[in-house]
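**Q** Coordinates for the following, if possible.
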Amino acid sequence: MRCLGIVLVLGLAIAACGGSPGPAPAPAPALTTIATPRATADDLEVAVVNGHAVWGSCVAAQAQVIAAQAPAAHVPGPDQLRRAALDQCIAFELLAQAADARGLAAAPEVAPAARAAAVDRLVATDFEQRYRTPDDLAPAVDQLMQRNAWRMHILQLRASTYARFVVPKGAPPDVDARAHALADRLAAELADQTGLFGVDVTDAARRIAAGSDVKLDTADVRPTHQDDLVVPYARALYALPEIGRSSPATRTDWGWDVVVWTGGVEAAEHTREELVAEMFPELRRRQFRIWANQIMKQLGVHVEVDQAQLAALDAGEGP
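**A** Residues are numbered from 1 along each chain as shown. The predicted model follows:
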């Protein structure tokens, strides 16, 4: 049994309220009412949707799912995580009530698990059939493509780090010669190395420049197209065969540079159809929110959130 159509259709991590997150939840027992039962005697009522309770057990379960599925570097903070979980539980309650209002909970095929299957059936018969392909959201797709047309023709942008032995304007030839010699030493030291990082060139340059009267400048340069760099620097950077390699000593307007290619964006060509296929799942998720909000307005849904009870979940007072 599909626990929720929202899960399969839109990829939203919505677990059955009052349950534990898992890849294959067991079917719920037959219910005589569309209302969600509390999980335990001390389950906290954190919100009310048109008189029906949203329980803390649902929010706790959803928070675990959201945290588990978020990239490690982008796990929401406690407040944001709790709010997102609450929104999902309220959305489930809303759709369950909408399904009940349309008589879907009484259908024979949903009797074994009235609540979850009724929501499943509402999504399948209303949302899924209306928004199946990009053509069903053509105006929104066109707007999205106008903003993302640049992604069809992505230029190569190389990030870099340089060590520059500075030659001030008007400096005598011997200053230029000393700066050139230091840059040659650095370039020779790094020439056969691979997998270099910016810190490697800066550390080696500082060591080589120690005790010299030649000024050393180092900096990281964001991913930049070669046409937006000064010509000598662009030639040095874009001649490198792979990320992590260093250039020969290169004379620029400011001195003698040694450049390391550190990353960036690779050139790519995509068709409109490829981009639309990539962006359609997220566009469909947005449309789902719009669709759910329309149902909320049609039903005149009133939502009350008990902030104190919700905060108590973090304090360990709830399930």
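**Q** Just to be sure, D213 is in a helix?
**A** No: under DSSP: H, G, I helix; E, B strand; the rest coil, D213 sits outside any helix and is assigned coil.
**Q** pLDDT at it, what is it?
**A** What the model reports for D213 is a pLDDT of 92.
**Q** and it, what is it in contact with?
**A** R178 (Cβ atoms under 8 Å, 6 or more residues apart in numbering). Placement of C-beta: from N, CA and C, glycine included.
**Q** A helix includes R251, no?
**A** No: using three-state DSSP, the assignment for R251 is strand, not a helix.
**Q** how much space between it and E189?
**A** Using Cβ to Cβ, to the nearest Å, R251 is found at 19 Å from E189.
**Q** doesn't A60 fall inside a helix?
**A** Yes: judged by three-state DSSP, A60 forms part of a helix.
**Q** Q226 reaches A236, doesn't it?
**A** No: with contact defined as Cβ atoms under 8 Å, Q226 does not reach A236; the gap is 10.4 Å.
**Q** Which residue of those two possesses the greater neighbour count?
**A** A236 (23 against 15; other Cβ atoms under 10 Å).
**Q** Who are the contact partners of the more buried one?
**A** 247-248, 250, 257, 259.
**Q** which SS class is it?
**A** A236 ends up helix, using three-state DSSP.
**Q** per-residue confidence at it?
**A** At A236, pLDDT is 97.
**Q** repeat for Q88
**A** For Q88, pLDDT reads 78.
**Q** on that earlier part again, make CSV out of the contacts of A236 and add distance to D200, neighbour count and secondary structure.
**A** Below are those laid out as CSV (distance: Cβ to Cβ, whole Å; neighbours: other Cβ atoms under 10 Å; DSSP: H, G, I helix; E, B strand; the rest coil):
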residue, distance to D200, neighbour count, secondary structure
S247, 13, 24, coil
P248, 16, 15, coil
T250, 17, 20, strand
D257, 15, 27, strand
V259, 12, 31, strand
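**Q** Closest one of these to R38?
**A** V259 (64.2 Å; Cβ to Cβ).
**Q** hang on, the closest one packs against A249?
**A** No: the pair V259 / A249 is not scored as a contact, 9.7 Å apart, by Cβ under 8 Å.
**Q** Need the overlap of contacts for these two.
**A** Between them, V259 and A249 share no contacting residue, judged by Cβ under 8 Å, 6+ apart.
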